[in-house]
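[1] can you look at this prediction? I've put the sequence above it.
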Amino acid sequence: MPAYGRVHAYARWVLSIIDARTGASVDAAPARRGLTRVEVHVPGSGTGSLRVLLVADVLVRALELGGTPVWGVLNAGSEHAELRSGVTALGIRPFEDRRDVGPGLGEAQVLHVVGEGDAPPEGVRIAVAPVHAAEPGIPEGGDPAVLRLALLSRRRAEPVTLDAAALAEARATLVRWRRAVAAWAQRPSRPIPEEARTRLRGAWEDDLDVPAVLQVLTWVETESELPDGARFETYAYADRLLGLDLTRDIGSPA
């Protein structure tokens, strides 16, 4: 049997996160599967704040993929309109404004997503390193998903430098993958190979290692034994976490 056909029937996935406050690994999903509140703390509307929100967005997606109910709350500074605009452009799911919500809904777990060095209330703290960019916010023109991919291409504890080379690399990868997905979609559908699913879940459940998820997609793209229909289903599944709209070009002229 090919390697990609191995079955891991008894795998139990639990998203673990490094608590920046203690340095310990904690389960992001409560054992009794109660509600998890993901509270985001950002001071402004620049690219660094958008990266913090993007990490929170991917965290929410990962928890939901694991079957955990999530409540997203935004604790922001004064630049709400600009921040909301960036959130929409980057495909980040809306978070409720902290000023408009009550004291809580009896959640079993609270996760605070913050910029590196910030100090939110006590609790599990998920720290996000800064972004070094020539211009704050989203570059004018082009596809905002390019910026999303560039920000996702580094682990959240690593600073991101947004220069022309980084954006060009992200743009080239996004174009290549969307074209490939559109081509694979024309082939007969095949199930996601169990090895691909296992490697994807193993990556994002391990402290939300999104760069490792991207590496798995590169493997799926180039592994000669995988049917194209299986590549398509794998990319569509991974995009539920990544939010890169990888199926956008299906049906478009080549």
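    All right, it came through fine. In this text the structure is predicted, and so the values were computed from the model without any measurement.
[2] list the helices and strands the host helix or strand of T198 packs on?
    Taking DSSP states H and E as the criterion, T198 maps to helix 194-205. Contacts defined by 3 or more CB pairs under 8 Å, 6 or more residues apart in numbering; DSSP states H and E place helix 194-205 against helix 47-65, helix 210-222, helix 228-242. The way it works is simple: take the backbone N, C-alpha and C, and place the C-beta from them, glycine included.
[3] so how far is D209 from the spatially most central residue of the chain?
    Closest to where the C-alpha atoms of the chain average out (CA atoms, centre = their mean) is V58, at 3.0 Å. With distances taken as CB to CB, to the nearest Å, V58 is found 11 Å from D209.
[4] what's the closest non-adjacent residue to V87?
    With CB to CB, 6 or more residues apart in numbering as the criterion, V87 has its nearest non-adjacent residue at 6.0 Å, and that residue is L53.
[5] contact partners for that neighbour?
    Shown in contact with L53 (CB atoms under 8 Å, 6 or more residues apart in numbering): 40, 42, 74, 83, 86-87, 90, 92, 95, 113.
[6] most surrounded residue in those?
    In terms of neighbours by other CB atoms under 10 Å, the contacts of L53 top out with V113 at 32 neighbours.
[7] for the one helix or strand it maps to, give the mean pLDDT please.
    V113 is part of strand 109-115 when elements are defined by DSSP H and E. Mean pLDDT, computed over strand 109-115, is 92.
[8] show the subsequent helix or strand relative to it.
    strand 124-128.
[9] please spell out which residues along the following helix or strand past that following strand are buried.
    With elements assigned by DSSP H and E, the helix or strand that comes after strand 124-128 is strand 131-133. Going by neighbour count (16 or more other CB atoms under 10 Å), the buried part of strand 131-133 is 131, 133.
[10] list the contacts of strand 131-133.
    46-48, 50-51, 151, 159-162.
[11] now the buried members of those residues.
    46-48, 50-51, 151, 160, 162.
[12] of those residues, which one scores lowest on pLDDT?
    Model confidence across the buried ones among the contacts of strand 131-133 bottoms out at G46, which has 87.
[13] for the stretch 151-254 of the chain, which spans come out with low pLDDT?
    Counting by pLDDT under 70, the stretch 151-254 of the chain shows low-confidence ranges at 254.
[14] again, 80 this time
    Where the stretch 151-254 of the chain drops to pLDDT under 80, the residues are 252-254.
[15] what of the stretch 1-150 of the chain?
    1-13, 30-33, 77-81, 98-108, 117-122, 134-142.
[16] now do the longest helix anywhere in the chain: distance to the chain's middle.
    Across the chain, the helix with the greatest residue count (assigned by DSSP state H) is helix 164-184. Centroid separation for helix 164-184 versus its chain: 17 Å, with CA atoms, centre = their mean, to the nearest Å.
[17] what's the neighbour count on S25?
    With other CB under 10 Å as criterion, S25 counts 12.
[18] how many neighbours does the residue nearest to A108 when sequence neighbours are not counted have?
    Using CB to CB, 6+ apart and skipping the chain neighbours, the partner closest in space to A108 is G34 (3.0 Å). G34 has 14 neighbours, counted by other CB under 10 Å.
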